[in-house]
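Peer 1: I need the structure of the sequence given here:
(chains A and B)
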Protein chains: 2
Amino acid sequence: MVHDIQVVTEQQLRGAVHLDLAAIDCVENAFAKLASGTVVMPPVLSMALRETNAEVDVKTAYVPGLEGFAIKVSPGFFNNPSIGLPSLNGLMILFSAKTGMVEAVFLDNGYLTDVRTAAAGAVAARHLAPKSVMTAGVMGTGVQARLQLEAARLVRPFKQALVWGRSKEKAEATANDLEKCLGIPVSAESDPEKLVRESQLVVTTTPATTPILKADWLHEGLHITAMGSDQEDKNELDPACFSKADLTVCDRISQCEVMGELRSALSSGMIKETGEIAEIGQVIAGTHNGRQSESDITLCDLTGTGVQDTAIATYTRTLLAGSNVVTTITV
Amino acid sequence: MVHDIQVVTEQQLRGAVHLDLAAIDCVENAFAKLASGTVVMPPVLSMALRETNAEVDVKTAYVPGLEGFAIKVSPGFFNNPSIGLPSLNGLMILFSAKTGMVEAVFLDNGYLTDVRTAAAGAVAARHLAPKSVMTAGVMGTGVQARLQLEAARLVRPFKQALVWGRSKEKAEATANDLEKCLGIPVSAESDPEKLVRESQLVVTTTPATTPILKADWLHEGLHITAMGSDQEDKNELDPACFSKADLTVCDRISQCEVMGELRSALSSGMIKETGEIAEIGQVIAGTHNGRQSESDITLCDLTGTGVQDTAIATYTRTLLAGSNVVTTITV
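Peer 2: Residues are numbered from 1 along each chain as shown, chains lettered A, B, ... in the order given. Purely as a prediction, here's the structure:
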């Protein structure tokens, strides 16, 4: 049977899909479904290519109620910058959840992943950060440092922001970009302790393999989202943060145990078992308590889930319905 | 950096890629690499969607020396025939093994999988069947029943063939198709025992979940390739076949233990450990003995590997180099 497949480039996707409240809501809805127990989400397929300093990850999830499911392929080739290419690229394929037929190929080079990752940060901020956030801090100076604060401000309209990075120059560039984008004062802060102490919301976005955020710096009324760790060698948070937090939330506990901050907390012995840890979907669905008071300290460990990929790909399909800009292949 | 991605339809692929000796050699070379220990092949990502009677598998492998690697997505939606759609479809994506960038999207609906699966059967026949095969038998009446005999005849020019299937009508249709395609006498055989006793090469291609081939039927000078089992509930061979065989070979032992005939042989207790089992790549590479005499009984358990997907996708790319027929997307 003849059917059409949309093939969409990164440029076309950037024109159609934006990091806005609708994208955040779409990711939030998918997380809520994850809490219902009806989602099917296999473990990440991960292929490490040591001889080329590369890694390829494949994520997917079937979310009942959504018309499609995505298979997302994320190659990271970390020697690429030496030949003038970006490290990260990849694509998402959207399949019909009813027939399994290919509906769209999103040649996004990671753009949709950027959007759904930042949207998840905003979902965490919406449900876990104190109601009043005056200052937000971000650790890291990459694309997600910018997008996480952009997304968080849609749900917590903070008045100023701080940026820390290992490179002072990059931190200043990130602060300048954010100041223009958000229209509020944003400064580079060379002391990470000061950044944490002055913020009510901190997002860590680095590829650190040893902690960059110390438990001693935690204070009442703080929410931390750690989204940098998505591999078994990464670790941004001092494991002692877990014992100082009033509430710890994961995107997916089973995945965070393998590749998130939870992995480091468990392997250090700082926590013994995960019985008190919630999943973000449970907090959204109201089946697990969220923040109990403005003075609580809360942590959210985000590793990036196939549920988000299926959510953003299905949402992208609706935005592109009837588009005459994208390439259509009839098969 | 701007680069071009080829998007190729099933029809275009059928025009360019054929089940011939070159395709068989390409799969054989990839299996030989698998034996060298330098291939990276993660376990299959498998997502079962019970409420829609569906399953999605993702396979991949990195084969040093090949310019690309494939990610192959195979959705099987088994209620599709009731709405006039095929159960199986899917696609392969070819990435550069140097940079991880997408090079081609093969919208093959499983065609390249059909070719690489039949090619693997021919590789098994080439290295394991007796030198002289007069009669070949196939059990099953689907696409692979046809393609397996077509491929096997390229390496063992048998004079006649037999087809068995649960449906006599389908067995006769398959025999007619094969007779036309191969130009030799092919008959439907209603007694599977007779088919096995009269053949020197038997290929089983069914989705059976209880054995269709009994160990009592095995005889000197027989090679059996079982390629139907690729899920943990499938089983074509009586587990006692394993103890009657002089040599058992798998495409990938670790995968056959989970989803092949080897799984049933192990779970039945018919074999206790896999130390004497070879991988096909070892036989090709000469690091494990193959058939020792024309009278040996040999078995080959094929579950389908990511190595074959990477091999056929890379080969397809070379066949399409410079093609002006396919769609090219500049990103």
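
Peer 1: The longest strand belonging to chain A near chain B at all?
Peer 2: Looking only at chain A and at elements set by DSSP state E, the strand with the highest residue count is strand A:68-77. Yes: judged by C-beta under 8 Å from any C-beta of the partner chain, strand A:68-77 comes into contact with chain B at A:69, A:71, A:73, A:75-77. For the C-beta atoms, the positions are set from N, CA and C on the backbone; glycine is no exception.

Peer 1: Just the CA trace of whichever helix or strand residue A:118 is part of, in PDB.
Peer 2: In the assignment (DSSP states H and E), residue A:118 maps to helix A:111-128. What follows is helix A:111-128 as a C-alpha-only set of coordinates in PDB (Å, rounded to 0.1, in the frame of the first residue of the first chain):
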ATOM      1  CA  TYR A 111      18.000  19.400  17.600                       C
ATOM      2  CA  LEU A 112      14.900  17.600  18.800                       C
ATOM      3  CA  THR A 113      16.900  15.900  21.500                       C
ATOM      4  CA  ASP A 114      18.100  19.400  22.600                       C
ATOM      5  CA  VAL A 115      14.500  20.600  22.800                       C
ATOM      6  CA  ARG A 116      13.100  17.500  24.700                       C
ATOM      7  CA  THR A 117      16.100  17.500  27.100                       C
ATOM      8  CA  ALA A 118      15.600  21.200  28.000                       C
ATOM      9  CA  ALA A 119      11.800  20.600  28.200                       C
ATOM     10  CA  ALA A 120      12.400  17.900  30.800                       C
ATOM     11  CA  GLY A 121      14.500  20.300  32.800                       C
ATOM     12  CA  ALA A 122      11.500  22.700  32.800                       C
ATOM     13  CA  VAL A 123       9.200  19.900  33.800                       C
ATOM     14  CA  ALA A 124      11.500  19.200  36.800                       C
ATOM     15  CA  ALA A 125      11.600  22.900  37.700                       C
ATOM     16  CA  ARG A 126       7.800  23.300  37.400                       C
ATOM     17  CA  HIS A 127       7.100  20.400  39.800                       C
ATOM     18  CA  LEU A 128      10.100  20.600  42.200                       C
END
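
Peer 1: quick one: is that helix near chain B?
Peer 2: No: judged by C-beta under 8 Å from any C-beta, helix A:111-128 makes no contact with chain B; its nearest approach is 11.1 Å.

Peer 1: okay, the angle between that helix and strand A:68-77?
Peer 2: 110 degrees (axes from the mean of the first three to the mean of the last three C-alpha atoms, to 10 degrees).

Peer 1: which residues touch the residue lying closest to residue A:262 once chain neighbours are set aside?
Peer 2: Leaving aside its sequence neighbours, residue A:262 sits nearest to residue A:256 (C-beta to C-beta, 6 or more residues apart in numbering or on different chains; 3.8 Å). With contacts defined as C-beta atoms under 8 Å, 6 or more residues apart in numbering or on different chains, residue A:256 is in contact with A:250, A:262-263, A:301, A:303.

Peer 1: So which residues on the stretch 101-250 of chain A come close to chain B?
Peer 2: By C-beta under 8 Å from any C-beta, the part of the stretch 101-250 of chain A that sits against chain B consists of A:101-102, A:105, A:107, A:109.

Peer 1: run the last query once more with 7 Å
Peer 2: Taking C-beta under 7 Å from any C-beta of the partner chain as the criterion, the neighbours of chain B within the stretch 101-250 of chain A are A:101-102, A:105, A:107.

Peer 1: May I see the buried residues of whichever helix or strand comes after the helix holding residue A:118?
Peer 2: Proceeding N to C from helix A:111-128, the next assigned helix or strand is strand A:135-139, under DSSP H and E. The neighbour-count check on strand A:135-139 (16 or more other C-beta atoms under 10 Å in any protein chain shown) flags A:135-139 as buried.

Peer 1: Need the max-distance pair from the contacts of residue A:256.
Peer 2: The most widely separated members of the contacts of residue A:256, counting by C-beta to C-beta, are A:250 and A:263 (10.7 Å).

Peer 1: More neighbours: which of those two?
Peer 2: More neighbours surround residue A:250 than the other of residue A:250 and residue A:263, with 25 against 22 (other C-beta atoms under 10 Å in any protein chain shown).

Peer 1: Identify the residue spatially nearest to residue A:112, adjacent ones excluded.
Peer 2: Nearest one to residue A:112, counting by C-beta to C-beta, 6+ apart, is residue A:312 at 5.0 Å.

Peer 1: got a list of contacts for the helix or strand where that neighbour lies?
Peer 2: Counting by DSSP H and E, the element that carries residue A:312 is helix A:306-320. Identification of contacts with helix A:306-320 by C-beta atoms under 7 Å, 6 or more residues apart in numbering or on different chains yields A:6, A:8, A:13, A:16-17, A:23, A:26-27, A:29-31, A:34, A:39, A:41, A:59-61, A:63, A:66-70, A:72, A:92, A:94, A:103-104, A:106, A:112, A:115-116, A:120, A:326.

Peer 1: what angle do it and strand A:68-77 make?
Peer 2: Between the direction of helix A:306-320 and that of strand A:68-77, the angle (the same axes, to 10 degrees) works out to 110 degrees.

Peer 1: Pull the distance from helix A:306-320 to the chain's centre.
Peer 2: Here helix A:306-320 is found 15 Å from its chain centre; the criterion is C-alpha atoms, centre = their mean, to the nearest Å.

Peer 1: Past the longest strand of chain A, which element shows up next along the chain?
Peer 2: Tracing the chain past strand A:68-77, the next element assigned as helix or strand by DSSP H and E is strand A:91-96.

Peer 1: Report all helices and strands that whichever helix or strand comes after that following strand contacts.
Peer 2: Using DSSP H and E, the helix or strand that follows strand A:91-96 towards the C-terminus is strand A:102-107. With contacts defined as 3 or more C-beta pairs under 7 Å, 6 or more residues apart in numbering or on different chains; DSSP states H and E, the packing partners of strand A:102-107 are strand A:4-9, strand A:91-96, helix A:306-320, strand B:102-107.

Peer 1: okay if I get these as TSV plus mean pLDDT, mean neighbour count and distance to residue B:143?
Peer 2: Supplementary listing: these in TSV, determined by pLDDT from 0 to 100; neighbours: other C-beta atoms under 10 Å in any protein chain shown; distance: least, C-beta to C-beta, whole Å:
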stretch	mean pLDDT	mean neighbour count	distance to residue B:143
strand A:4-9	94	20	22
strand A:91-96	98	26	21
helix A:306-320	97	25	30
strand B:102-107	97	24	17
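
Peer 1: Can you tell me the element residue A:210 falls in?
Peer 2: Taking DSSP H and E as the definition, residue A:210 sits outside all helices and strands.

Peer 1: Isn't it up against residue A:234?
Peer 2: No: the pair residue A:210 and residue A:234 fails to qualify as a contact (C-beta atoms under 7 Å) at a distance of 9.6 Å.

Peer 1: Neighbour count: the two, which is higher?
Peer 2: Between residue A:210 and residue A:234, counting by other C-beta under 10 Å, residue A:234 is the more crowded of the two (20 against 9).

Peer 1: Let me know the pLDDT of the residue sitting nearest the centre point of chain A.
Peer 2: Here the mean C-alpha position of chain A is nearest to the C-alpha of residue A:117 (C-alpha atoms, centre = their mean), at a distance of 2.7 Å. At residue A:117, the pLDDT value in this model is 98.

Peer 1: I'd like to know how far it sits from chain B.
Peer 2: Between residue A:117 and chain B the distance is 19 Å, computed by C-beta to the nearest C-beta, to the nearest Å.

Peer 1: try residue A:228
Peer 2: Going from residue A:228 to chain B by C-beta to the nearest C-beta gives 20 Å.

Peer 1: what residues are up against that residue?
Peer 2: For residue A:228, the contacting residues are A:140, A:204-208, A:234, A:236, by C-beta under 7 Å, 6+ apart.

Peer 1: Thanks a lot, catch you later.
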